[in-house]
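1. whatever this is, show me its structure:
(2 chains)
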Amino acid sequence: EAQVTQNPRYLITVTGKKLTVTCSQNMNHEYMSWYRQDPGLGLRQIYYSMNVEVTDKGDVPEGYKVSRKEKRNFPLILESPSPNQTSLYFCASSWVITGELFFGEGSRLTVL
Amino acid sequence: QKEVEQDPGPLSVPEGAIVSLNCTYSNSAFQYFMWYRQYSRKGPELLMYTYSSGNKEDGRFTAQVDKSSKYISLFIRDSQPSDSATYLCAMSDGNTPLVFGKGTRLSVIA
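-> As a prediction, this is how the structure comes out:
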């Protein structure tokens, strides 16, 4: 089954404790992206990747890091999480930047 | 002015009604227009995809693009309770990532 898998789905952590949200897709997509979704603010892009070893900042990259060492994986790293990073995070992938985006189920992160 | 404006609603309609969802945009370079549907606690899923201007129909759903007015619409005919979701418009110029509207929450009441 074609899918984008994110883990963990739910996480409660404390300020400053580094965490990684993993994202993996099995569709051989070139393009991958991370979004955060907040009430009243909609979906905002954090980082995206056009291909392996190619990453670019989205609209809200501050406080986040990403890497794309393999085509299928695109982890999101929060080096020192803060409460304003409490949000619902989505990973998505597509063949090309204008193609249909396939989203994961979401990861709800709470930073205390 | 934000690049993409979308009325957040919420919009509540009776079952069987025709629903009209709209987005306006400011970037005349946008060529790719999409509508995503997001059910509660789920990721968005592509509903309609349109390139450039014109209409596209898929079952009860019709997407319209008016590039001269910088306005796109999604019509839902004979709306069903299962259509209750948040609808997000998204668009791109082909070279940069999709820009999403904030989404309109729709409730269809049986």
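2. tell me the bridge partners for residue 73.
-> No chain in the question, so chain A it is. Per DSSP bridges, the residues bridged to A:N73 are A:S24.
3. not what I meant, chain B
-> Beta-bridge partners, per DSSP bridges, of B:S73: B:N22, B:Q64.
4. and for B:R105?
-> Under the criterion used here (DSSP bridges), B:R105 is bridged to B:T86.
5. surely it touches B:Q6?
-> No. Counting by CB atoms under 8 Å, B:R105 sits too far from B:Q6 to count as a contact (10.8 Å). (Each C-beta comes from the backbone N, C-alpha and C, glycine too.)
6. which is the next helix or strand following the longest strand out of those in chain A?
-> Longest strand in chain A, counting residues (DSSP state E): strand A:42-51. Per DSSP states H and E, the first helix or strand lying C-terminal to strand A:42-51 is strand A:54-57.
7. in that following strand, which residues are buried?
-> Using 16 or more other CB atoms under 10 Å in any protein chain shown as the test for burial, strand A:54-57 gives A:T55.
8. and it, average pLDDT?
-> Mean pLDDT, computed over strand A:54-57, is 96.
9. show me the contacts for the residue nearest the centre of chain A.
-> For chain A, A:W34 is the residue whose C-alpha lies nearest the centre (CA atoms, centre = their mean; 3.1 Å). Taking CB atoms under 8 Å, 6 or more residues apart in numbering or on different chains, we find A:W34 in contact with A:23, A:45-48, A:58, A:64, A:66, A:74, A:76, A:89-92.
10. who has more neighbours, B:R105 and B:Q6?
-> B:Q6 (22 against 15; other CB atoms under 10 Å in any protein chain shown).
11. the more buried one pairs with what?
-> B:C23.
12. and chain A, which residues reach chain B?
-> Contact residues, chain A versus chain B (CB under 8 Å from any CB of the partner chain): A:4, A:33, A:40-43, A:45, A:48, A:58, A:90, A:92, A:97-98, A:100-101, A:103-106.
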